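Participant: sequence? don't have it. structure:
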């Protein structure tokens, strides 16, 4: 095998290893980024549920207050 062939083989192997490592590294970073997105979505969902629960509790408190102040009739006025 000539020196030129050996040099070409070495450069090809090194380039292939570099490319494979680069792709693997990029995939790892992309996976981490996507996972962080999932964590942000979960946090956003928890915050939204907490806000909805607070709004529900506030609505129930208001309803209780209004029912104490106002007289509420059932279905007797419907028909």
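Facilitator: Structure received. Please read these numbers as outputs of a predicted model, since none were measured by experiment. Residues are numbered from 1 along each chain as shown.
Participant: Which residue ranges of this structure form helices?
Facilitator: 3-69 (DSSP state H).
Participant: pLDDT weak spots in it?
Facilitator: 72, 74-79 (pLDDT under 70).
Participant: redo that, cut-off 80
Facilitator: In the predicted model of the chain, residues 71-79 satisfy pLDDT under 80.
Participant: so how many other residues sit close to residue 45?
Facilitator: When neighbours are defined as other CB atoms under 10 Å, residue 45 has 10 of them. For glycine as for every other residue, the C-beta is placed from the backbone atoms N, C-alpha and C.
Participant: Kindly report the same for residue 44.
Facilitator: Look at residue 44: counted by other CB under 10 Å, it has 10 neighbours.
Participant: what does the one 10 residues further on give?
Facilitator: Other residues near residue 54 number 10, with proximity taken as other CB under 10 Å.
Participant: cool, residue 38 as well?
Facilitator: Residues near residue 38, counting by other CB under 10 Å: 9.
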